[in-house]
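In: With the input below, show me the fold.
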Amino acid sequence: MTRVCLLGEEDVNLEYELLSRETSRNALATYDLREPYDNAVAVETVSLGAAVALLNDLNWYLVRFVEDVLVLEPSVSESEWLSREAATAVRDDELAPGETDRFLKIYGVVEPGSGPADDQSDPADMETERDRPPRLVEPMFVTRTGPDLPEYDLRDVEETVVVRVTETEFGA
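Out: Numbering: from 1, shown residues only. Next up, the predicted model:
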């Protein structure tokens, strides 16, 4: 199964935007929607081709409401995601799966209720915040030059999400 994760723009409620419109609602109707990260919508598809086709169907909405698209294809990596451009290039045989691991975008993962931006004075707000999923913050572009990943150093986080990007995306 190939997973797709859409990360919403900061100023929109992504799930609402996708489900309030008939075309995107119909495109997503057969999928079990999940929210692995704050303001994200994730689904599982049967293949990389199906994932790319779904993204193509949703393109109008992606351009308007989505900050980033992540695709997790187990035949490429069990733990590192692909960008939409990298996933499409792999599907179209323009990029070999083994050639996707050099250029990376690494997100920090911040748990709800942690850090000064999440400091709430109302206990009810704090409880609601704790119920939210973690959020992805401040992507850092790095180049892998050996077997180890460069360390994420934009903020102190316990966990990161690694996304393989194309050379074009890396240089943009």
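In: May I see the buried residues of stretch 95-103?
Out: Residues 95, 100, 103 are the ones in stretch 95-103 that count as buried (16 or more other Cβ atoms under 10 Å). (C-beta placed from N, C-alpha, C; glycine too.)
In: Does the last one touch V162 like I think?
Out: Right, F103. No: assessed by Cβ atoms under 8 Å, F103 is found out of contact with V162, at 11.1 Å.
In: before we move on, back to that, would CSV of the buried residues of stretch 95-103 with distance to T166, secondary structure and pLDDT be doable?
Out: Output for the buried residues of stretch 95-103, formatted as CSV (distance: Cβ to Cβ, whole Å; DSSP: H, G, I helix; E, B strand; the rest coil; pLDDT from 0 to 100):
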residue, distance to T166, secondary structure, pLDDT
L95, 7, coil, 94
T100, 8, coil, 94
F103, 7, strand, 95
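In: Just name the closest of those residues to V41, please.
Out: T100 (23.5 Å; Cβ to Cβ).
In: thought that closest one was touching R164?
Out: Yes: counting by Cβ under 8 Å, T100 does reach R164; the two are 4.4 Å apart.
In: what touches both of these two?
Out: Residues touching both T100 and R164 by Cβ atoms under 8 Å, 6 or more residues apart in numbering: 76-77, 82, 86.
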